[in-house]
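Enquirer: Please find the sequence and the predicted model below.
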Amino acid sequence: MIESIKEIVRDHIQYKDQIKMLAKSDLIKTYRGAALGWSWAIIKPLITLFVFWFAFSVGLRSGKPVAGYSFFLWLVAGFLPWFFMQELITGGAACIRKYSPLVTKMKFPISIIPTYFNISHLYTHLALLVITIVLFAVSGHMPDIYLLQIPFYMLLMVAFFIVWALLAGMLSAISKDFQNLVNALSSAIFWMSGIIYNVEDIENTWIRVMLKFNPVTVISSGYRRAFIYKKWFWQDKVSLVCFSITFLIFLILALTVYKKLRKEIPDVL
C-alpha cells in the first residue's frame, strides 16, 4: 500500500502540468458546440435552484426563513457544494472508462485521471461560489470571517472525491454493473444527505450520527455553517470524526483496488 501511495504521488508530480492542461481542456470539451459555451455549467444549477425554490416556497409553501436568512439563500448554501459532488459521484465513477484512450493509447497514469476530472469541475464550483457570495451580499448579507472556512471544506470535498473517483472509476472500468449501481444510488444519496433539510433537526440521535458518515452531508452542512449558521468547523467534532473515518476507509479501498487492478485496466478497456 505504501508503494502505491509513492507511485501515485510520483505520477502527480511528474504530470502536474498535464493535469492543469487536461482539466481546462475537459471543461471546454464538455460544452463545445453550444452557443453559450461553459456558461451552461452555471445555468444548469441556477435552473435546479429555481425549481426547488418554486416547489418549496410557492408550491408547498413550506420555505420558511432559517436563522434570519430566506429559505432560498439557505437552499443555495447547501446546493452549492452538491452541484460539484453530484457531478463527481456519477461522473467520477465513469471517468476512467470515459478517458480510456489516455490509458490504452498514451499509457497515461490511471491515478491522474480522477485528479484532473475533479479540477475541471472545481473551476465551475469556484464560479458558482462567487455568484453565491454576490447573491448573499445583494440580499443584505455581506461576506464575513466565517467564509474563511470555505476553502477548508472545499479541500475536504476535493480530496474525498479524488479518492472516490479513483476507486469507483477503476471498479466501473472493470464492471459496468458498478457504474449502473452508482447511477441508481445517486438519487438516494441526495435525499439522505441533508441538502434540502437540516440534519441537526433529526430527533433520533443514532440516525443523525449515521448520516454524518456521509461526506456529502458533512460538506453541505459545512457550507451552510459558514454561510447561514455562523459556526466554525471545529465546533462540530462529530462530523469531522465521521468524515475522517469514511475518508480513511475509502482511501484504503482505493489504494487496495489500485494496486490490484492498475495493470489489468488497460487490457479491459
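Expert: Okay, I see it. Numbers count the residues shown, from 1 in each chain.

Enquirer: and the most centrally placed residue in the chain, what is it in contact with?
Expert: Centroid-nearest residue in the chain: Met85, 2.3 Å away (criterion: CA atoms, centre = their mean). Taking CB atoms under 8 Å, 6 or more residues apart in numbering, we find Met85 in contact with Met157, Phe161, Pro215, Val216, Ile219, Ser220. C-beta coordinates here come from the backbone N, C-alpha and C atoms, glycine included.

Enquirer: from these, which is closest to Phe54?
Expert: The closest of the contacts of Met85 to Phe54 turns out to be Ser220 (CB to CB; 20.7 Å).

Enquirer: mind checking which helix or strand that closest one is in?
Expert: helix 215-224 (DSSP states H and E).

Enquirer: And the contacts of that helix?
Expert: The contact list for helix 215-224 (CB under 8 Å, 6+ apart) reads 74, 77-78, 80-82, 85, 89, 149-150, 152-153, 156-157, 160, 189-190, 192-195, 198-200, 211-212, 233, 236, 239-240, 242-243, 246-247.

Enquirer: What of stretch 105-116?
Expert: Here stretch 105-116 has contacts from 7-8, 11-12, 15, 18-20, 22-23, 26, 92, 95-96, 99, 102-103, 161-166, 169-170, 258, 262, 265-266, using CB under 8 Å, 6+ apart.

Enquirer: Let's see the distance spanning it from one end to the other.
Expert: Using CA to CA, to the nearest Å, the end-to-end distance of stretch 105-116 comes to 18 Å.

Enquirer: can you count the residues close to Lys98?
Expert: Neighbour count of Lys98, defined by other CB atoms under 10 Å: 16.

Enquirer: for the stretch 51-200 of the chain, what spans make up the helices?
Expert: All helices of the stretch 51-200 of the chain, identified by DSSP state H, counting those that start in this stretch, fall at 71-98, 100-104, 112-138, 150-174, 176-191.

Enquirer: Lowest mean pLDDT across those, which one is that?
Expert: Among the helices of the stretch 51-200 of the chain, helix 100-104 carries the lowest mean pLDDT, a mean of 75.

Enquirer: Let me see the contact set for Ser172.
Expert: Going by CB under 8 Å, 6+ apart, the list of residues near Ser172 reads Ala93, Ala94, Ile96, Arg97, Phe178, Gln179, Val182.

Enquirer: do Trp82 as well
Expert: Neighbour list for Trp82: Phe190, Ser193, Ile195, Val216, Ser220 [criterion: CB under 8 Å, 6+ apart].

Enquirer: just checking, the first one touches Phe83?
Expert: Spelled out, it's Phe190. No - using CB atoms under 8 Å, Phe190 is not in contact with Phe83; the gap is 11.2 Å.

Enquirer: Could you check which of these two is surrounded by more residues?
Expert: Neighbour count, other CB under 10 Å: between Phe190 and Phe83, Phe83 has more, with 19 against 16.

Enquirer: how much space between the closest residue to the more buried one other than its chain neighbours and Phe79?
Expert: In space, and not counting its chain neighbours, Phe83 is closest to Pro45: 4.6 Å by CB to CB, 6 or more residues apart in numbering. Counting by CB to CB, to the nearest Å, the gap from Pro45 to Phe79 is 7 Å.

Enquirer: again, but for Pro114
Expert: Plainly put, Pro114 is 23 Å away from Phe79 if you go by CB to CB.

Enquirer: out of the two, which sits in the busier spot?
Expert: The residue with more neighbours, out of Pro114 and Phe79, is Pro114; 24 against 21, by other CB under 10 Å.

Enquirer: Show the contacting residues for the nearest residue to that one once chain neighbours are set aside.
Expert: Nearest non-adjacent residue to Pro114, counting by CB to CB, 6+ apart: Ala165, 3.4 Å away. For Ala165, the contact set (CB under 8 Å, 6+ apart) comprises Leu88, Gly91, Gly92, Ala93, Cys95, Ile113, Pro114, Phe117, Asn118.

Enquirer: burial measure for the second one, as a count.
Expert: Yep, that's Gly91 we're talking about. When counting by other CB under 10 Å, one arrives at 20 neighbours for Gly91.

Enquirer: With that, I have no additional questions.
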